[in-house]
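Turn this into a model:
(one chain, ligands or ions: 2)
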Amino acid sequence: MIATTQPFSSETLMANKKICCIGAGYVGGPTMAMIAHRCPEIDVHVVDINSARIAAWNSDELPIYEPGLHEIVTESRGKNLRFSTDVANVIRESDMIFISVNTPTKTFGIGNGRAANLEYVEKCARTIAENSDGHKIVVEKSTLPVRTAEAVKRILMSSGKPGATFDVLSNPEFLAEGTAMEDLQDPDRVLIGGESQAAIQALVDIYGAWVPRDRIITTNLWSSELSKLAANAFLAQRVSSINAISALCETTGADVEEVANAIGTDSRIGPKFLKASVGFGGSCFQKDILNLVYLCEHFGLPEVAEYWEQVVKMNDFQKRRFSSHIVKHMFNTVSDKKIAVWGFAFKKDTNDTRESAAIYVCRDLVEERARITIYDPKVSLDQIRLELRRLMSNDQGAISPHDENLIMSNVTVAESAAQAADGAHAIAVLTEWEEFQHVDFESIFKSMHQPAFVFDGRNLLDRDLLTDIGFEVHAIGKS
Ligand code: UDX
Ligand code: UDX
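Ligands and ions are numbered 1, 2, ... in the order given. Model prediction:
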C-alpha cells in the first residue's frame with residue numbers, strides 16, 4: 001500500500017537526513033552539489049550505473065562543464081557529498097531518493113520518435129522498491145510525461161517489500177545549462193507536486209535552506225509534471241517565433257535584433273528568449289515538445305498536437321535554412337572548400353552537444369562535400385564524430401561506409417578559432433562563445449581564401465567591423 005501522509009511529520013519522514021540521487025548527469029550532479037553545499041547537515045549521495053562517470057565526479061576532471069560547479073563540488077565532496085555506483089546500498093540508507101536518469105525520445109516501437117522512453121525511470125522505481133524497508137520519499141527530478149507518477153507509484157507498490165511505504169513527489173528542474181549553478185542558487189521558482197503534505201514539506205524544508213518560501217510553489221502531482229513540459233514548450237516556442245520572424249527580416253530589410261528589441265520592450269512580451277539563432281538545441285526542448293505532442297495525440301487532441309509540433313518544424317527549417325544559405329552564397333557549391341566551424345556545443349558555457357544545431361549544419365555541409373574544421377573550447381573531435389555518426393545512422397544505428405568515410409575524412413578539429421579559419425573559404429559561427437568576439441580578425445582575414453565569408457548563426461560578431469575588414473558577412477535575420 002502506498003503510504004501517504006498522515007502518520008508522518010516531515011521530521012519523521014526525514015529522520016536521518018540522508019538523500020540520494022540516481023543519475024549523475026547534467027541535472028543530478030549540479031542539483032545535488034547545490035543541496036550539499038546549502039544543507040551541510042544533509043548527507044547527499046549521487047549514484048550512477050556508469051562507473052566512468054562516477055570516477056570523473058570523484059576526480060579533478062568533472063564529467064560536465066558548468067561555471068562554478070567545480071568549486072562547489074570540491075568544497076563538499078568527501079564531507080556530505082559522495083559519488084558512487086553502489087546504487088542498492090545507497091537506496092537502502094536514504095530517506096529521500098531523487099530520480100534523475102535520462103528520458104530520451106523513443107527510437108522504436110509505439111511512440112517512436114515522439115514519446116519519452118521511460119525504461120530507465122521504470123528500472124529505477126523497481127530498484128528502489130527492491131531495496132527499501134520503511135518509508136521513502138521518491139522524487140521525480142527527470143522531466144516526465146504527465147501522469148508518470150501514477151506508474152512509478154504502482155511499481156513501488158507492487159514490487160515493494162512488506163512494510164515498505166512510499167510517497168512520490170514531482171520536482172522538475174528548471175536549470176539551464178551554462179548557468180546551472182546560478183539558476184540553482186537563485187531560482188525563479190522551485191516546483192513541488194505531490195499528494196502527501198508531509199512529504200511535500202520534507203522537500204520544502206530542504207530548498208527552504210536557501211530559497212525564499214514564496215518562490216517554492218506546491219501543486220498537485222499532475223500540474224507539476226505538466227508544468228515542466230509546458231515551460232520548455234513555451235520557451236522553445238519563443239525561439240521558433242523569433243526565428244520565423246528572422247526569415248522574414250532577411251527578405252524585407254527589417255533587422256531581427258531591432259524587431260526583438262521593439263517587441264521585447266512591451267512588458268507583456270518581455271525581452272528574454274528573443275535571440276534569433278541557427279536553431280535551438282539541447283537535451284530538453286525538442287524531446288519535451290515531441291513528448292507533449294505525443295501526449296496530446298494520445299489524449300485525442302490532434303489540433304493541440306499539431307500546434308506544438310510546428311515549433312519543432314520551424315526549428316528544423318531554421319537549421320536547414322542556415323546551411324542552404326552557406327551553400328547558396330558560396331556560389332552554390334562548397335565541395336572541397338574548407339569551412340571553419342566556430343562552436344559545436346548547443347550553447348555557450350557548456351560541453352553538452354545533445355541536439356546542437358551544429359550537428360545538423362555540419363551534417364549538411366559534409367554531405368555537400370565541404371571539408372569542415374571545427375573549433376569548440378569544450379568539445380572534442382571524438383564527441384563531434386559521435387554526434388554526426390548518430391545523426392547519419394539509420395534506425396538500426398548503422399551508418400553507410402560512404403557516410404563514415406565522409407565523417408573521418410572531411411571533419412577535423414583545430415586548437416583555436418584562428419587555426420580553424422586558416423586557409424578556409426568561410427567561417428560559420430554556431431555557438432556564441434564569447435572568445436570568438438576577441439580574435440584578430442585582420443590576420444584571420446588575410447589567412448583565408450577570398451572572398452572570405454562569415455555566416456554568423458548567433459549574431460555574435462561585429463558586422464560593421466568585419467565588413468570594413470573585407471569579409472562578406474551573413475547574419476541571422478539581417479538582409
Ligand atoms: C536530465 C533529466 O533527467 C531529463 O529527464 C531531462 O529532460 C534532462 O535532464 P540529464 O541529467 O541531462 O537528464 O541526463 P544525463 O546527463 O544523460 O544523465 C543521466 C544519468 O543517469 C547518466 O549518467 C546515466 O548513466 C544515469 N543512469 C541512467 C543511471 O544511473 N541508471 C539508469 O538506469 C539510467
Ligand atoms: C532549457 C530550459 O531553459 C530550462 O529551464 C530547462 O530546465 C532545460 O531546458 P537549456 O536547454 O539548458 O535549458 O538551455 P536554454 O538556455 O534554454 O537554451 C536552449 C536552446 O535555445 C539553446 O540552443 C540556445 O542557444 C537556444 N536559444 C535560447 C536561442 O536560440 N535563443 C534564445 O533567445 C534563447
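
switch to C-alpha atoms for all contacts and neighbour counts from now on
OK.

Look up which helix or strand residue 224 falls in, please.
helix 221-252 (DSSP states H and E).

ok, now residue 387?
helix 381-392.

Return the list of helices and strands in contact with the helix or strand containing residue 445.
Here residue 445 is covered by helix 441-447, with elements defined by DSSP H and E. In terms of contacts (3 or more C-alpha pairs under 8 Å, 6 or more residues apart in numbering; DSSP states H and E), helix 441-447 is packed against helix 417-421, helix 463-469.

most tightly surrounded among those helices?
helix 417-421 (a mean of 23; mean count of other C-alpha atoms under 10 Å).

Give me the next element, helix or strand, following it.
Immediately after helix 417-421, counting by DSSP H and E, sits strand 426-429.

who does that next one pair up with?
Applying DSSP bridges to the sheet, strand 426-429 is found paired with strand 338-342 (parallel), strand 453-456 (parallel).

highest average neighbour count across these?
strand 338-342 (a mean of 27).

Could I get the average pLDDT for that strand?
Strand 338-342 carries an average pLDDT of 98.

With ligand 2 in mind, check whether that strand reaches it.
No. Counting by C-alpha under 6 Å from any ligand atom, ligand 2 has no neighbours in strand 338-342; the shortest distance is 13.9 Å.

Not counting its own residues, what contacts the next helix or strand after that strand?
Following strand 338-342 in sequence order, the next helix or strand is helix 357-367 (DSSP H and E). With C-alpha atoms under 8 Å, 6 or more residues apart in numbering as the test, helix 357-367 has contacts from 278-281, 319-320, 322-323, 334, 343-346, 371-372, 384, 387-388, 391-392, 406-407, 410-411, 430-431.

I'd like the distance from helix 357-367 to the chain centre, please.
Relative to its chain's centre, helix 357-367 lies at 19 Å (C-alpha atoms, centre = their mean, to the nearest Å).

Which other helices and strands does whatever helix or strand comes next after that helix contact?
Using DSSP H and E, the helix or strand that follows helix 357-367 towards the C-terminus is strand 371-375. Other elements packing on strand 371-375 under the criterion 3+ C-alpha pairs under 8 Å, 6+ apart are strand 338-342, helix 357-367, strand 411-413, helix 417-421.

Run the contact check for the one helix or strand residue 35 maps to versus ligand 1.
Using DSSP H and E, residue 35 maps to helix 28-38. Yes. Using C-alpha under 6 Å from any ligand atom, helix 28-38 comes into contact with ligand 1 via residue 28.

cool, and stretch 145-157?
No. Stretch 145-157 lies out of reach of ligand 1 by C-alpha under 6 Å from any ligand atom, never closer than 9.7 Å.

Stretch 337-351 too?
No. Stretch 337-351 lies out of reach of ligand 1 by C-alpha under 6 Å from any ligand atom, never closer than 11.2 Å.

and that stretch, how far from the chain's centre?
Computed by C-alpha atoms, centre = their mean, the chain-centroid distance of stretch 337-351 equals 16 Å.

you'd agree residue 463 is up against residue 473?
Yes. Using C-alpha atoms under 8 Å, residue 463 makes contact with residue 473 at a distance of 6.6 Å.

For ligand 1, what is the nearest residue in the stretch 201-350 of the chain?
Proximity of the stretch 201-350 of the chain to ligand 1 (C-alpha to the nearest ligand atom) peaks at residue 284, 5.1 Å away.

Great, nothing more from me.
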